[in-house]
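> Return atomic coordinates for the entry below.
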Amino acid sequence: MTSPIFATKFASRLDSVLSLDDFEALAKRHLPAPLFGYIAGGSETNASRRMNEEAFEAIGFVPRVLRNVSARSTVTNLFGEEWRAPFGIAPMGISALMAYRGDLVLAEAAQASGIPMIMSGSSLIRLEDVATAAPRSWFQAYLPGEPEKIDALIDRVAKAGFKTLVLTVDTAVLANRENNVRAGFSTPLRPSLRLAWQGLSHPKWTVRTFMRTIINHGIPHFENSFATRGAPIIASNVMRDFGKKDHLDWSHVARIRERWTGNLVIKGILHSDDAKIAVNSGVDGIIVSNHGGRQLDGAIAPMTALPDIVSSIGDAVPVMLDGGIRRGTDIVKALAFGAQFVFVGRPFLYAATVGGMAGVARAAAILHDELHRNIGLLGVTSIKEITDERPVRHRISALGSWRYSMRGVGGTMDSADLEERPDQQVEASSPTSVPAT
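Numbering: from 1, shown residues only. Sure thing, here's the model as predicted:
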């Protein structure tokens with residue numbers, strides 16, 4: 001989706017990118033402030049967004065050495081499909097406002113990179129177009145409030161050819177996105193002098209994304225909220241496309257399970273009891289998530305919730321995670337505590353805004369290379385070994401004391417205990433006994 005005119009400029013810009021965080025700095029310069037603020041911000045105080053990353057910082061590694069890791073591989077199987085690595089691209093709304101044809105850019109680059117991309121239900125490109133361009137993509141739905149509209153949307157997704165449907169369930173009511181307001185972003189998008197100035201002061205985005213979109217495709221609409229086309233992003237009635245959802249309950253999941261024959265994944269689980277209910281409702285997978293810190297401010301980090309959820313449902317269905325992952329080491333930590341797959345959001349959208357397909361491919365390559373390097377440094381050769389050996393431990397104080405968890409033993413011991421008993425064989429952490437951070 002990147003034209004030859006811009007390919008060379010994108011390539012030179014991407015030469016300076018060495019980590020996923022580097023994309024954020026480039027995107028902040030490239031995007032109008034309201035759009036960057038929409039991507040970057042969480043709800044209210046951003047507490048949950050901060051906790052998402054801090055949860056990973058509280059975990060350290062206990063690597064093994066001299067184990068011949070020359071044949072290591074990051075290949076992973078999920079839902080009967082083989083993926084190049086155990087990570088994918090999380091669903092992100094209105095991506096096509098940030099990057100030209102953003103959903104297609106993300107989907108096609110993901111497929112070329114051998115990883116899944118989850119298309120957002122609040123996207124501005126028809127789901128059929130993405131399914132045709134990148135058939136291995138997944139689709140994420142924000143359920144309409146009425147049963148007949150739910151049925152029609154599910155049928156549309158199935159007809160398009162998607163094999164995996166992700167239901168986001170943590171949006172019973174709209175969150176307090178005051179950060180969007182402060183940044184100047186609104187839904188519907190309202191023309192103003194402030195927006196006009198942002199367009200003039202960010203000419204690359206204005207020409208390469210906004211004007212190209214308007215000229216080639218007209219005013220963007222919310223295309224996939226229902227079985228039919230939704231409202232344009234500037235329409236005063238656009239909020240009706242998000243519908244009333246506070247009455248939705250597990251009976252609606254049961255209804256969808258009866259109708260949907262593909263893989264059914266629930267996204268937005270943080271409580272172990274909800275994980276059990278989801279499994280009993282017949283879902284095929286769970287994504288532990290707090291919506292990137294964009295819904296309930298103060299909701300615990302997915303990495304904090306992960307051990308209890310894994311302990312509660314075992315291997316009944318694959319447990320996945322999103323939120324806060326920025327490095328290959330973060331992926332290893334999630335896998336070590338029982339996740340089978342992870343999803344990354346904001347960095348991939350930043351990559352799409354500044355580099356198109358090449359940017360997304362670069363982001364995927366960086367994360368893959370980090371993961372491949374990290375498992376070698378840990379002394380393991382496969383993703384399964386990370387889960388089996390769990391080469392991690394938790395920090396329990398600001399002074400750097402670390403707590404181990406014995407496999408199969410309810411108690412824990414910290415580093416001081418180990419110094420007193422150097423002959424003690426301590427195995428890696430078990431999700432059933434590691435204390436939440």
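> show me the contacts for residue 82.
Residues in contact with residue 82 (C-beta atoms under 8 Å, 6 or more residues apart in numbering) are 75, 76. Placement of C-beta: from N, CA and C, glycine included.
> so where's the protein uncertain?
1-12, 236-243, 395-437 (pLDDT under 70).
> Now do the strands in it.
59-61, 76-78, 81-83, 87-89, 118-119, 138-141, 164-168, 263-269, 285-288, 319-322, 341-344, 392-395, 402-405, 412-414 (DSSP state E).
> Quick one: these as CSV, columns for distance to residue 132 too.
As requested, the strands of the chain are exported to CSV (distance: least, C-beta to C-beta, whole Å):
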stretch, distance to residue 132
strand 59-61, 41
strand 76-78, 22
strand 81-83, 18
strand 87-89, 18
strand 118-119, 12
strand 138-141, 13
strand 164-168, 16
strand 263-269, 19
strand 285-288, 24
strand 319-322, 25
strand 341-344, 23
strand 392-395, 41
strand 402-405, 47
strand 412-414, 52
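> Which of the ones you listed sits closest to residue 221?
Closest approach to residue 221 among the strands of the chain (C-beta to C-beta): strand 118-119, 15.3 Å.
> List the pairing partners of the closest one within its sheet, with orientation.
Paired strands of strand 118-119, with direction, are strand 138-141 (parallel) (DSSP bridges).
> export the partner strand as CSV, just CAs?
What follows is strand 138-141, C-alpha atoms only, in CSV (Å, rounded to 0.1, in the frame of the first residue of the first chain):
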residue,chain,number,x,y,z
TRP,A,138,-8.5,-12.2,12.5
PHE,A,139,-11.6,-9.9,13.0
GLN,A,140,-12.4,-8.2,16.3
ALA,A,141,-16.0,-7.1,17.0
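> Run through who's touching that strand.
88, 91, 116-121, 127, 131, 153-154, 157, 160, 162-168, 224, 265, 267.
> need the longest helix for the protein.
As assigned by DSSP state H, the longest helix anywhere in the chain is helix 346-378.
> what's it packed up against?
If contacts are counted by 3 or more C-beta pairs under 8 Å, 6 or more residues apart in numbering; DSSP states H and E, helix 346-378 sits against helix 4-14, helix 20-30, helix 33-40, strand 87-89, helix 95-98, helix 102-113, helix 328-336, helix 383-389.
> Would you point to the one among those that's packed deepest?
strand 87-89 (a mean of 28; mean count of other C-beta atoms under 10 Å).
> And the contacts of that strand?
Against strand 87-89 from outside (C-beta under 8 Å, 6+ apart): 106, 110, 115-118, 138, 325, 331, 341-345, 348, 360, 367, 371.
> quick revisit: among the strands of the chain, which comes closest to residue 218?
The minimum distance between residue 218 and those falls on strand 118-119, with 20.4 Å, by C-beta to C-beta.
> Show me the contact partners of that closest one.
By C-beta under 8 Å, 6+ apart, strand 118-119 touches 88-91, 103, 107, 127, 130, 137-140, 166, 224, 343.
> Would you agree residue 13 is in contact with residue 29?
No. Residue 13 is not in contact with residue 29 according to C-beta atoms under 8 Å; the separation is 10.3 Å.
> got the contact list for residue 227?
149, 152, 153, 155, 156 are the contacts of residue 227 under C-beta under 8 Å, 6+ apart.
> Neighbour-wise, which one of those residues leads?
Using other C-beta atoms under 10 Å as the neighbour test, the contacts of residue 227 are led by residue 153, with 24 neighbours.
> excluding its backbone neighbours, what's nearest that residue?
residue 227 (5.2 Å; C-beta to C-beta, 6 or more residues apart in numbering).
> how close does the one you found sit to residue 156?
As for residue 227, its distance to residue 156 is 5 Å (criterion: C-beta to C-beta, to the nearest Å).
> about what we covered before: so which of the contacts of residue 227 are in helices?
In helices, judged by DSSP H, the following of the contacts of residue 227 are found: 149, 152, 153, 155, 156.
> my guess is the second one contacts residue 226, does it?
What it means is residue 152. Yes. Counting by C-beta under 8 Å, residue 152 touches residue 226, with 6.9 Å between them.
> Ignoring the adjacent residues along the chain, who's closest to residue 301?
Residue nearest to residue 301 in three dimensions, not counting chain neighbours: residue 55, with 3.9 Å by C-beta to C-beta, 6+ apart.
> List the contacts of the one you found.
301, 302, 303, 304, 324, 437.
> so what's the first one up against?
Right, residue 301. Residue 301 sits next to 48, 51, 52, 54, 55, 290, 323, 324, 437 when contact means C-beta under 8 Å, 6+ apart.
> For these, which ChimeraX command selects only the ones that are buried?
Buried residues within the contacts of residue 301, by 16 or more other C-beta atoms under 10 Å, are selected in ChimeraX with:
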select :48,51,52,55,290,323,324,437
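> What separation do you get for residue 335 and residue 232?
Taken as C-beta to C-beta, the span from residue 335 to residue 232 is 42 Å.
> Can you name the residues that contact the residue most central in space within the chain?
By C-alpha atoms, centre = their mean, the chain has its centre lying nearest to residue 90, at 3.1 Å. By C-beta under 8 Å, 6+ apart, the contact list for residue 90 reads 118, 292, 322, 343, 344, 345, 348.
> 6 Å instead?
Contacts of residue 90 were listed using C-beta atoms under 6 Å, 6 or more residues apart in numbering, and they are 322, 343, 345.
> Reformat those residues as a markdown table; add distance to residue 356.
Shown next, in a markdown table, are the contacts of residue 90 (distance: C-beta to C-beta, whole Å):
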| residue | distance to residue 356 |
| --- | --- |
| 322 | 23 |
| 343 | 21 |
| 345 | 18 |
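> Could you identify the buried members of those?
For the contacts of residue 90, buried by 16+ other C-beta under 10 Å: 322, 343, 345.
> I figured the second one was touching residue 322, is that so?
Yes. The pair residue 343 and residue 322 qualifies as a contact (C-beta atoms under 6 Å) at a distance of 3.9 Å.
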